[in-house]
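Chemist: Build the 3D model from these lines:
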Amino acid sequence: MVKSKIKQIFLSVFLVNIVLINISALDNDTLAPLTQAEQEVLSVFLTSDPSITYDDLEYAIHQFAGPKCSVKITSANGRSEAIEIPHPSAVPETQKIAIYKQYIAKLFARDMALSNPFSPLLIEMDIEGDQKTAEEKIIRDIILEYFNSDQEGMGTMRFLRKANNGNPVGVFITGDQFPVMSLSETVGNYKTPEELRSEGKNIVTLGVDIGGTGIKICIKNNGQTITSDIYKDDEAFGAFQHALIEAFRAKGIHLTEADIKIDRKDGVISCPSFGTKDMNPYTGETIKNVLVTFVSQMVDTVNAHYINVTPHAGIKVRGLFIDMPGIKNSEKNCMNSCGELASRVSEGDFQVHMDKFNEFIPELKGICEERAIQSFDFGNDMEGHALYMATQAGFNDAVGFFFGGGLGTFLLKGGKMSIGFNEGGHHCIAPNMIVNESANCVAGSHEQMGGSRLGIQDFCSDPIIGDGLAEDMRIEFGINLRGIDNIDIGRLAAGLNPFSGKELTTVQKRKLQPKALNVYRVSEKYTADHMFRAFKMIGDTGVKDVTNFILGGGPFKGETGKIRLGFVKEHLLTFLDKRGMNPELKIQTDKQVVIAFTIMEGGKSITKTFDIRIVDENAAAGSAERALRDYQDMEASKAAEAQVGTAA
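Modeler: Numbers count the residues shown, from 1 in each chain. Purely as a prediction, here's the structure:
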């Protein structure tokens, strides 16, 4: 009996292996029809239900018991991701095409293209023979059709072009001459403020953050914020305000003392980036003039301060970094876009305004040469946010989500920004969603699904998710739909009045609090989905088998952040549990969640960990830190060159 059972098991395994080995030879003529259970599992790919998410599609494939294969998408810079799908010979043609379109094109190809700007994609399928080439061609054509159709792509191509300097995204298959590009990831050996001070260094740097409506500057010495030390009292800051106002006036920009502010806690000084209402504010030239004038005046004031305090020490500004919302064109060393200009000026005039704005580069280069500033650079605003947030979290490697009016994402490797998780706000989470009315949201993106201010507003007005919350807020507090902010929903979710912050009445709490909580319960499902997508795309980001996540921005502050993080935790535990990944909650505080879980790698069960932390943000301070690191890189490069010269 035992021998018979062993023989039966061996025969079963042998037959299964035969099926797996020869699965590439199957075709739909010899294929047995799907069982009712298999049809139900894969039916999610054929529905147009807008609530279908990445979680639903990935789980359907996870449940599919038939033969599978993988499709590998590789960016030219080397980033890649293998996607498990049902074998094309194991499903009917309609479901196969739906999987290629809904899953591979809309989710994975779109995310890989956005995450790795300037890089074409290579599609490889792990099946054999003529079927391999035929299926790869089908997938390529579906991806290109999706990328290039504004109607079908739901505006995706506009964002892909923005991320690729206006160029379409190339898609290649096995056998094509694929243009492999290098992804340089240097890890700097950066010294701490204490180490720099012990060496007698005084490396003063300025960090500049251009936001939607204002510009902020932070001053650091050896990585320590010194803004309040330089402007130690109202008299000192008043003198700076007066000098800056006069400098602005010479450029035709009229501001008052009330427009120029200092935040001593964060160590930043700010002013409006577009001037005032008595002039034409939304022009590239205006922003350029405000930026250049603000920076040059700040440099002169800081240098003068050190001349007065330590006249013989030679301390002056050595580094400058400017961050702004937009895409940097590394080839041309300029910005492709900047903040509000994209939405404030007509499409036909946009490039004219950007050309004027980009004149800040030669003008500031000239100022840097005159003032002996040795390190100057600029880039996307995630540069500043990433460094500051990572420093607060204590991470050198991390995936970051920065929530504001929209959603910014970043990948930090070795203390430096890295290509690989760019434009995350536009990654696809819900592929069946229709076009969003906002010019700054792609349909089905994380931004649309609660990751932006507009996304939260849409959830409030949704009859199921918000259950009338938007109308309730209009009646109770006089807040119209497009006036709703995250802080309003956060306070309601905590049982507080959105204006006063005081406790809601019993009637208001019973009516409004559950609705506000449900808005965040739904929105954070998409955040959890996106985190798992990041994990699949990037892998470990910290020590081995650990992925560090940073959440920040105004919508994740205080009680709002605590509530949202709690829902992220719940959704991740559910997501992992239903896949049999044995999740275990290790740490939970108001600002940190640590979850351990298991995955199969190479036939072995491996324990992985998500370490998720909420931190404060200060992009200007982060940019000043970036300027310091650039300066240290420059000094290290000079030392290396000198050493080579000596050896020669």
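
Chemist: outside of the one helix or strand residue 82 maps to, which residues touch it?
Modeler: Element membership for residue 82 (DSSP states H and E) is strand 80-86. Applying C-beta atoms under 8 Å, 6 or more residues apart in numbering, the contact partners of strand 80-86 are 42, 61, 64, 66-74, 95-96, 99, 103-104, 108, 112, 536-537. Backbone N, C-alpha and C define where each C-beta goes, glycine included.

Chemist: Among those, name the buried ones.
Modeler: Listed as buried from the contacts of strand 80-86 are 42, 61, 64, 66-69, 71, 73-74, 95-96, 99, 103-104, 108, 112, 537; burial here means 16 or more other C-beta atoms under 10 Å.

Chemist: ok so, going back, could I get the buried residue list for the strand holding residue 82?
Modeler: Across strand 80-86, burial judged by 16+ other C-beta under 10 Å covers 81, 83, 85-86.

Chemist: tell me which of those is nearest to residue 609?
Modeler: Nearest to residue 609 among the buried residues of strand 80-86 is residue 81, at 20.4 Å by C-beta to C-beta.

Chemist: Could you measure from that closest one over to residue 390?
Modeler: Noted for residue 81: a distance of 24 Å to residue 390, by C-beta to C-beta, to the nearest Å.

Chemist: With residue 217 instead?
Modeler: Going from residue 217 to residue 390 by C-beta to C-beta gives 21 Å.

Chemist: Show me where the stretch 301-450 of the chain dips below the pLDDT cut-off.
Modeler: 312, 340, 342-343, 435-441 (pLDDT under 70).

Chemist: For the stretch 1-150 of the chain, which segments are assigned as strands?
Modeler: 68-75, 80-86, 121-125 (DSSP state E, counting those that start in this stretch).

Chemist: Surely residue 600 forms part of a strand?
Modeler: Yes. With DSSP: H, G, I helix; E, B strand; the rest coil as the criterion, residue 600 is located in a strand.

Chemist: what bridges to residue 216?
Modeler: Beta-bridge partners for residue 216, by DSSP bridges, are residue 209, residue 270.

Chemist: check contacts around it.
Modeler: Neighbours of residue 216 in contact, by C-beta under 8 Å, 6+ apart: 208-209, 268-270, 619-620.

Chemist: From those residues, pick the one nearest residue 256.
Modeler: Distances from residue 256 to the contacts of residue 216, taken as C-beta to C-beta, are shortest for residue 270 (13.8 Å).

Chemist: how near is the closest one to residue 262?
Modeler: Using C-beta to C-beta, residue 270 is found at 8 Å from residue 262.

Chemist: do the same with residue 219
Modeler: According to C-beta to C-beta, residue 219 stands 11 Å off from residue 262.

Chemist: next one: phi and psi at the closest residue in space to residue 94 that isn't next to it in sequence?
Modeler: Excluding its sequence neighbours, the residue lying closest to residue 94 (C-beta to C-beta, 6 or more residues apart in numbering) is residue 46, at 7.0 Å. For residue 46, the backbone dihedrals are phi -100, psi -10 (criterion: degrees, to the nearest 10).

Chemist: Residue 321 against residue 630, yeah?
Modeler: Yes. Using C-beta atoms under 8 Å, residue 321 is in contact with residue 630, at 6.5 Å.

Chemist: Between these two, which contacts overlap?
Modeler: Contact criterion C-beta under 8 Å, 6+ apart; residues shared by residue 321 and residue 630: 375, 377.

Chemist: Please say which of those two ends up with more neighbours.
Modeler: Applying other C-beta atoms under 10 Å to residue 321 and residue 630 shows that residue 321 carries more neighbours, namely 28 against 20.

Chemist: Quick one: residues contacting the more buried one.
Modeler: Here residue 321 is in contact with 205-208, 375-379, 383-384, 623-624, 626-627, 630 (criterion: C-beta under 8 Å, 6+ apart).

Chemist: Can you classify it as helix, strand or coil?
Modeler: Once three-state DSSP is applied, residue 321 turns out strand.

Chemist: Quick check: bridge partners of it?
Modeler: Counting by DSSP bridges, residue 321 is bridged to residue 207, residue 377.

Chemist: swap in residue 220?
Modeler: Going by DSSP bridges, residue 220 forms beta bridges with residue 205, residue 225.

Chemist: tally of neighbours for it?
Modeler: Applying other C-beta under 10 Å, we find 24 residues neighbouring residue 220.

Chemist: is it true that it touches residue 626?
Modeler: No. Residue 220 is beyond contact range of residue 626, at 10.4 Å (criterion: C-beta under 8 Å).

Chemist: shared neighbours of these two, anything?
Modeler: Common neighbours of residue 220 and residue 626, counting by C-beta under 8 Å, 6+ apart, are residue 207.

Chemist: can you pull the buried residues of the helix or strand residue 245 falls within?
Modeler: Using DSSP H and E, residue 245 maps to helix 234-250. Across helix 234-250, burial judged by 16+ other C-beta under 10 Å covers 236-237, 240-241, 244-245, 247-248.
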